[in-house]
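Colleague: model this:
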Amino acid sequence: MKWPRTTQSAYAAIVADETRTPEQNKLMWALLGEIAEHFDSRHAWKDFFLRRLGHAHSSTLTVEQFTMLIELIVSWGMRNGVQFRHLEAQDDQAQEDRGEDRR
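Modeller: Next comes the predicted model:
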């Protein structure tokens, strides 16, 4: 079969790193909520931290970039006296899962 000369096909492949995980997104909002209890709204803080990393939207971050965002949030919070109950609960659960006694 002959194809007409006017028919063209184009294919494109996009190779990109995987974007944030649902767990990362949930953790980010929990951490921002704890900061907001002390300082302001979660959305304002999200924008603040994203700008620090040179990004505008968290939904487009790769898993690695989102990890950097979470690390920045935790680092800033610890330097500014925020106690992250969410992280403490995760640590308690991890120790319990390993059979360790925290006392």
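Colleague: mind giving me the packing neighbours of whichever strand or helix holds residue 72?
Modeller: For residue 72, the enclosing helix or strand under DSSP states H and E is helix 63-79. Helices and strands touching helix 63-79, by 3 or more C-beta pairs under 8 Å, 6 or more residues apart in numbering; DSSP states H and E, are helix 22-38, helix 42-52. Any C-beta I mention is one placed from the backbone N, CA and C, and that applies to glycine too.
Colleague: closest to residue 64 out of the ones you listed?
Modeller: helix 22-38 (10.4 Å; C-beta to C-beta).
Colleague: ok and the closest one relative to helix 63-79, angle-wise?
Modeller: 20 degrees (axes from the mean of the first three to the mean of the last three C-alpha atoms, to 10 degrees).
Colleague: still on that earlier bit, what's the angle from the helix holding residue 72 to helix 42-52?
Modeller: Going by the same axes, to 10 degrees, helix 63-79 is angled at 110 degrees with respect to helix 42-52.
Colleague: show residues contacting helix 63-79.
Modeller: With contact meaning C-beta atoms under 8 Å, 6 or more residues apart in numbering, helix 63-79 is reached by 17-21, 24-25, 27-28, 31-32, 34-35, 45, 49-50, 52-53, 55, 58, 61, 84, 87.
Colleague: and those, which are buried?
Modeller: Among the contacts of helix 63-79, those buried by neighbour count (16 or more other C-beta atoms under 10 Å) are 20, 24-25, 27-28, 31-32, 34-35, 45, 49-50, 55, 58, 61, 84, 87.
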